[in-house]
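**Student:** Kindly return the folded structure for what I paste below:
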Amino acid sequence: MGDLQQQDDAQSPYALLTIGEMSRRTGIAASALRFYERLGLIASARTAGNQRRYPRHMLRRVSLIAVAKRLGIPLTDVQEAFTELPLDRMPSQEDWQRASQRWKRTLEERRRAIERLEQELTGCIGCGCLSMDACALLNPEDSLGSTGAGPRRLEDDAI
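**Tutor:** As a prediction, the model looks like this:
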């Protein structure tokens with residue numbers, strides 16, 4: 001983002017925050033902020049003394065990352081959702097709308113996968129055989145074994 005000078009008004013959307021201020025405001029460790037920056041999820045400017053300064057609008061990005069992490073959403077999904085958001089300026093409402101639509105689709109896919117898993121588990125627990133190899137309902141004669149390793153029915157949307 002280049003060299004920027006700290007704005008005096010801390011409430012200005014263009015104010016610059018130190019890494020300590022970002023950490024305090026978001027509850028995210030400074031090491032995590034540096035990691036998110038390496039991943040391209042957030043960006044900072046450098047002072048003449050090579051210290052990081054984060055634009056105030058990065059608070060929203062970091063907060064969304066924290067919520068995603070709490071919900072178990074992988075950072076790769078967050079990266080994908082953030083592709084529509086500019087790093088070099090404060091995102092507009094339209095930028096956020098595009099990003100939220102992308103993320104909504106991703107979350108809907110995750111919800112459907114969790115519902116399929118719930119159905120599989122309910123069926124398996126209800127069966128009582130406790131054998132994924134011999135289960136006559138979900139995997140008769142281990143027919144799924146020939147299609148590859150892992151949870152085939154969940155991955156292939158076979159439900």
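**Student:** Let me know the pLDDT of Val62.
**Tutor:** Per-residue confidence (pLDDT) for Val62: 95.
**Student:** what helix or strand is it on?
**Tutor:** Using DSSP states H and E, Val62 sits in helix 58-70.
**Student:** Quick check: buried residues in that helix?
**Tutor:** For helix 58-70, a neighbour-count test (16 or more other CB atoms under 10 Å) marks 58-59, 61-62, 64-65, 68 as buried. C-betas here are computed from N, CA, C, even on glycine.
**Student:** Please spell out the segments of this protein that come in under the pLDDT threshold.
**Tutor:** Of all residues in the chain, those with pLDDT under 70 make up the ranges 1-14, 123-141, 150-159.
**Student:** One more pass at 50, please.
**Tutor:** Per-residue confidence for the chain (pLDDT under 50) gives these ranges: 2-8, 158-159.
**Student:** And the strands in it?
**Tutor:** Using DSSP state E, the strands of the chain run over residues 16-17, 45-46, 52-55.
**Student:** So which of the ones you listed is the most surrounded?
**Tutor:** Between those, the one whose residues have the most neighbours on average, counting mean count of other CB atoms under 10 Å, is strand 52-55 (a mean of 23).
**Student:** Pull that one out as PDB, backbone CA atoms only.
**Tutor:** Backbone C-alpha positions of strand 52-55 (Å, rounded to 0.1, in the frame of the first residue of the first chain) are rendered in PDB as follows:
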ATOM      1  CA  ARG A  52       3.100  -1.300   9.800                       C
ATOM      2  CA  ARG A  53       0.100   1.000   9.700                       C
ATOM      3  CA  TYR A  54      -3.300  -0.400   8.900                       C
ATOM      4  CA  PRO A  55      -6.000   1.700   7.300                       C
END
